[in-house]
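*Asks:* Quick one, fold the following:
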Amino acid sequence: MRVVPRRAGAARVRVTDFSPRPTTRLLVLQPTPFCNIDCSYCYLPQRQDRSRMSVATVRQAALRLREDGLLGEELTVVWHAGEPLVLPPAYYEEAFAAVADALGGVVRVCHAMQTNATLIDEAWCAFFLRHGVALGISVDGPAALHDRCRRTRTGQGTHARVRHAIALLRRHGVPFHAIAVVGAATLAHADAFYDWFEAQGITELGCNFDEAEGAHASSSLAGHEAAHERFVQRLLERSLHGRVVVREFAAAWQALREGLPRWEWHENGRGPAHAWPENSQAMPLALVSVGHDGDFGTFSPELLGQPWPAYANFVLGNVHRGGYVAALETPAFSKLWRGVSAGVAACARDCAHFEFCGGGAPANKLYECGDLAATETLHCRSMVKRPFDAVLRQAELEQGLAA
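*Replies:* Residues are numbered from 1 along each chain as shown. Reported below is the predicted structural model:
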């Protein structure tokens, strides 16, 4: 890890400093901070808070995107942070209608939900189908691995309830993908891990390798990086000949084939541009997060509302008091952007993977290194570098065999 000195000053940032003009691809809405289970690796600090986002706040969060000219051809609205299904389908009927009303058909909207799956029932299955929800379920593989960390508030494993939910989804024909948190305990069981998802008929799997973030102060992968490399290699071997597409490898193959689109930042609105590969976590307003109370932020969605006084808990404004574009011109954003952009610039200078990553995740830089201007983290080694290197070796092998 390397930390670079920041540039002095707090020059005002304008939306016109960026080319192309920022477009929001993901609107992350927190319907409630509350979660009905108690995962040991959860990063959320307030998951016992039962507050809920009002439908008026949902409408205003969407409307601000339209007013600010931040809409492209498609917008994904992600209901996340806390457990979204603790609120009933009737709430989302109103909330989805509010989004449609605010955006007035000017953009294609896809609603996505990430759930621990313990509350899925017949009514939820009907709702998912009715609205075409892009559904992700959180499950860590076989029961012995899953129940180590994903437990109820009374300490009971949740695997059986997730299996029941999977059966319901299958019975109703609801499409879904899975996301698994992979910690140190999983690393020696790559085959059992892969086999479990294949046996469930799950064809899309994302691996969130255990990360230090927010309330989860340390990663179980620390000190186990050689084992992680072996796990990644074996998982790739299995995925090459199996039916489960692993998100990290799919992203690496795509980056190798196509590269990443580029964007530019004209510092202080003038001078030579910084031209960087696209990375939604490091691009202003590409990803907008809105808390249950209407407070909003950008960059890594895990930042919003985390206790960090130096950055005002990463709150840039509130949808009921102002827009997203106007927030770019505030001192709070200028300070935040100085750190994020310094970190991206450092990665551009120092990292051989930069063209396939675009500068890492600000949240992980901050929580692992204490500074947004940091470069390499355990998170980027586990989530980006090793999966990419494994795919690159495989591509070179296949090219050699074909020659």
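*Asks:* Tell me the helices and strands packed up against the strand or helix carrying Ala102.
*Replies:* Taking DSSP states H and E as the criterion, Ala102 maps to helix 89-103. Counting contacts by 3 or more C-beta pairs under 8 Å, 6 or more residues apart in numbering; DSSP states H and E, helix 89-103 packs against helix 55-67, strand 74-79, strand 108-115, helix 122-131. Every residue, glycine included, has its C-beta placed from N, CA and C.
*Asks:* Other residues contacting it?
*Replies:* Under the criterion C-beta atoms under 8 Å, 6 or more residues apart in numbering, residues 31, 52-53, 55-56, 58-60, 62-63, 65-66, 71, 75, 77, 79, 109, 111, 123-124, 126-127, 131 lie in contact with helix 89-103.
*Asks:* Among those, name the buried ones.
*Replies:* 31, 52-53, 55, 58-60, 62-63, 65, 71, 75, 77, 79, 109, 111, 124, 127 (16 or more other C-beta atoms under 10 Å).
*Asks:* For this protein, just list every one of the helices.
*Replies:* For the chain, the helices defined by DSSP state H occupy 55-67, 89-103, 122-131, 143-149, 159-172, 190-199, 225-241, 247-258, 324-327, 331-350, 362-369, 378-380, 386-402.
*Asks:* by how many degrees do the helix holding Ala102 and strand 74-79 diverge?
*Replies:* On the basis of axes from the mean of the first three to the mean of the last three C-alpha atoms, to 10 degrees, helix 89-103 is oriented at 150 degrees to strand 74-79.
*Asks:* Compute the first-to-last residue distance for stretch 209-217.
*Replies:* Distance between the two ends of stretch 209-217: 14 Å, counting by C-alpha to C-alpha, to the nearest Å.
*Asks:* List the buried residues of it.
*Replies:* Neighbour counts using 16+ other C-beta under 10 Å place Phe209, Asp210, Glu211, Ala212, Glu213, Gly214, His216 of stretch 209-217 among the buried residues.
*Asks:* correct me, but the second one touches Ser218?
*Replies:* No. The pair Asp210 and Ser218 does not pass the contact test of C-beta atoms under 8 Å, sitting 9.1 Å apart.
*Asks:* Contacts only, for the residue nearest to the spatial centre of the chain.
*Replies:* When C-alpha atoms, centre = their mean is applied to the chain, the residue found nearest the centroid is Pro301 (6.6 Å). The contact partners of Pro301, taken as C-beta under 8 Å, 6+ apart, are Leu26, Val28, Val78, His80, Ala81, Leu287, Ser289.
*Asks:* Residue ranges in the protein under the pLDDT threshold?
*Replies:* 1-11, 271, 402-403 (pLDDT under 70).
*Asks:* follow-up on the earlier one: could I get the helices and strands packed on helix 89-103 in TSV, plus columns for distance to Phe231?
*Replies:* Shown next, in TSV, are the helices and strands packed on helix 89-103 (distance: least, C-beta to C-beta, whole Å):
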stretch	distance to Phe231
helix 55-67	39
strand 74-79	28
strand 108-115	23
helix 122-131	32
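*Asks:* Lys385 is nearest to which of these?
*Replies:* strand 108-115 (24.6 Å; C-beta to C-beta).
*Asks:* packing partners for that closest one?
*Replies:* strand 74-79, helix 89-103, strand 134-138.
*Asks:* switch to 6 Å and redo it
*Replies:* strand 74-79, strand 134-138 (3 or more C-beta pairs under 6 Å, 6 or more residues apart in numbering; DSSP states H and E).
*Asks:* how far is that strand from where the chain is centred?
*Replies:* Centroid displacement of strand 108-115 relative to its chain, using C-alpha atoms, centre = their mean, to the nearest Å, is 13 Å.
*Asks:* Run the angle between it and helix 122-131 for me.
*Replies:* Using the same axes, to 10 degrees: strand 108-115 against helix 122-131 is 160 degrees.
*Asks:* Just the angle for strand 108-115 relative to strand 134-138, thanks.
*Replies:* 20 degrees.
*Asks:* Now do the buried residues in strand 108-115.
*Replies:* Here strand 108-115 shows Val109, His111, Ala112, Met113, Gln114, Thr115 as buried, counting by 16+ other C-beta under 10 Å.
*Asks:* Now for the residues you listed: which two are most distant?
*Replies:* Val109 and Thr115 (19.2 Å).
*Asks:* mind listing what Gly305 touches?
*Replies:* Gly291, Asn313 (C-beta atoms under 6 Å, 6 or more residues apart in numbering).
*Asks:* The same query, at a cut-off of 8 Å, please.
*Replies:* Contacts for Gly305 (C-beta under 8 Å, 6+ apart) come out as Pro45, Gln46, Gly291, Asp295, Gly297, Asn313, Phe314, Val315.
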